[in-house]
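K.L.:
The following block contains a protein sequence and its predicted model.
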Amino acid sequence: MIVDDLKEKEKRTEERLDKLEKVMEEVVQWSKENAKAIQELTKGLNFLTKTVDKGFKEIWREIGGIANTFGMMFEETVREGIIRWFKENNIQVTNVSPKTVRVGKKLLEFDIYAEAEDRVYVDEVKVRLRERDVEKFSNKVAF
């Protein structure tokens with residue numbers, strides 16, 4: 001009787017071990033599948049990240065181009081206004097335009113440059129004027 005009980009318990013233990021082994025094999029398989037899925041998701045995420053980064057770079061490039069175009073249009077509008085002001089004040093100027101001027105070893109770039117008799121008029125055009133822009137311009141013309 002004790003031997004039969006032991007045999008029965010051993011049989012149930014072996015069955016449980018067999019079931020446990022099957023479950024462990026399933027867990028291992030499931031882990032492999034998850035690892036593969038994670039790897040594929042990571043590749044997809046990396047691709048999307050690169051695509052979004054490229055898209056943002058393109059958007060910022062476009063915005064920069066638009067801002068540059070707007071700045072040039074604004075400069076032209078200011079230039080036309082300054083020409084009108086010179087005429088209204090009977091100041092004869094030659095060629096109101098952007099110009100780069102060499103002063104010593106420095107190259108100074110001005111959005112508006114005009115010569116009139118014994119004077120030179122220079123200007124920086126800013127869509128949004130900041131204090132540092134005024135300081136920078138002041139330093140530029142203080143040569």
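P.N.:
In hand now; what should we look at?
K.L.:
could you pull out the helices for this protein?
P.N.:
Secondary structure of the chain by DSSP state H: the helices cover 2-88, 131-141.
K.L.:
export those helices to a markdown table and tack on mean neighbour count?
P.N.:
C-beta coordinates here come from the backbone N, C-alpha and C atoms, glycine included. Formatted as a markdown table, those follow (neighbours: other CB atoms under 10 Å):
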| stretch | mean neighbour count |
| --- | --- |
| helix 2-88 | 11 |
| helix 131-141 | 11 |
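K.L.:
Asp118 is nearest to which of the ones you listed?
P.N.:
helix 2-88 (14.9 Å; CB to CB).
K.L.:
and that closest one, average pLDDT?
P.N.:
Taken as a whole, helix 2-88 has an average pLDDT of 93.
K.L.:
rewinding a little: tabulate the helices of the chain in TSV, adding columns for distance to Arg119.
P.N.:
Formatted as TSV, the helices of the chain follow (distance: least, CB to CB, whole Å):
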stretch	distance to Arg119
helix 2-88	11
helix 131-141	13
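K.L.:
who wins for proximity to Glu109 among those helices?
P.N.:
helix 131-141 (8.8 Å).
K.L.:
how about the closest one as PDB, C-alpha atoms only?
P.N.:
Extracted in PDB, the C-alpha atoms of helix 131-141 (Å, rounded to 0.1, in the frame of the first residue of the first chain):
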ATOM      1  CA  GLU A 131      18.100  96.400 -28.100                       C
ATOM      2  CA  ARG A 132      21.000  94.200 -29.000                       C
ATOM      3  CA  ASP A 133      20.400  95.000 -32.700                       C
ATOM      4  CA  VAL A 134      20.700  98.700 -31.900                       C
ATOM      5  CA  GLU A 135      23.900  98.200 -29.900                       C
ATOM      6  CA  LYS A 136      25.300  96.000 -32.700                       C
ATOM      7  CA  PHE A 137      24.500  98.700 -35.300                       C
ATOM      8  CA  SER A 138      25.900 101.500 -33.100                       C
ATOM      9  CA  ASN A 139      29.200  99.600 -32.700                       C
ATOM     10  CA  LYS A 140      29.300  98.900 -36.500                       C
ATOM     11  CA  VAL A 141      29.000 102.600 -37.500                       C
END
